[in-house]
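Trainee: pasting a predicted model and its sequence here:
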Amino acid sequence: MLWMKYNGIINVANSILNSIDLDQTVANLMVTARSDGYTQGYAECTQHVTNALRVDWDTSISTTCGVDIGAAHTSAKVEYNNMRLPVMDLVTTALQSEDFVNQLKEIFPDEADASDEEDLE
């Protein structure tokens, strides 16, 4: 259990935080959120200009004109909320075992143990 305390939890957390899948999904979520915010802000600003100047503002110059940014952002949120990381499937399977610590050690070998094995070769 000392291995879990000093290595296991850290290895699981690092595997999640350093996951390329997580990075890509979060980046996509951030880009779509920014675009959605820009679109909503542009629409609100256009409404203020139209009301203040009593003219119709041409929104066709907006980079998001005719693009359903809200749907893209909603899709990115669904993707994030339903994301599955391969390492978590391995951890979940290992935790269901009676000897979960040894199974986790196989998934996340100690760096010290790995370097000892390399020295033996």
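Mentor: Cool, the structure landed.

Trainee: C-alpha only now, for contacts and for neighbours.
Mentor: OK.

Trainee: who's in contact with stretch 64-77?
Mentor: The contact list for stretch 64-77, computed with C-alpha atoms under 8 Å, 6 or more residues apart in numbering, reads 25, 28, 29, 32, 33, 35, 36, 39, 59.

Trainee: just send the residues you listed back as JSON lines, with distance to residue 16 and secondary structure too.
Mentor: Compiled in JSON lines, the contacts of stretch 64-77 are given as follows (distance: C-alpha to C-alpha, whole Å; DSSP: H, G, I helix; E, B strand; the rest coil):
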{"residue": "25", "distance to residue 16": "12", "secondary structure": "helix"}
{"residue": "28", "distance to residue 16": "17", "secondary structure": "helix"}
{"residue": "29", "distance to residue 16": "17", "secondary structure": "helix"}
{"residue": "32", "distance to residue 16": "22", "secondary structure": "helix"}
{"residue": "33", "distance to residue 16": "22", "secondary structure": "helix"}
{"residue": "35", "distance to residue 16": "27", "secondary structure": "helix"}
{"residue": "36", "distance to residue 16": "27", "secondary structure": "helix"}
{"residue": "39", "distance to residue 16": "32", "secondary structure": "helix"}
{"residue": "59", "distance to residue 16": "42", "secondary structure": "helix"}
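
Trainee: of those, just the buried ones, PyMOL syntax please.
Mentor: This is the PyMOL syntax for the buried subset of the contacts of stretch 64-77, where burial follows 16 or more other C-alpha atoms under 10 Å:
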select buried, resi 25+28+29+32+33+35+36+39
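
Trainee: quick one: which of the contacts of stretch 64-77 is nearest residue 47?
Mentor: Comparing the contacts of stretch 64-77 against residue 47 with C-alpha to C-alpha places residue 59 closest, at 10.3 Å.

Trainee: for that closest one, what are its contacts?
Mentor: Residues near residue 59 by C-alpha under 8 Å, 6+ apart: 46, 65.

Trainee: run the last query once more with 10 Å
Mentor: When contacts are counted by C-alpha atoms under 10 Å, 6 or more residues apart in numbering, residue 59 touches 42, 43, 46, 65, 66.

Trainee: again, but for residue 92
Mentor: 100, 104.
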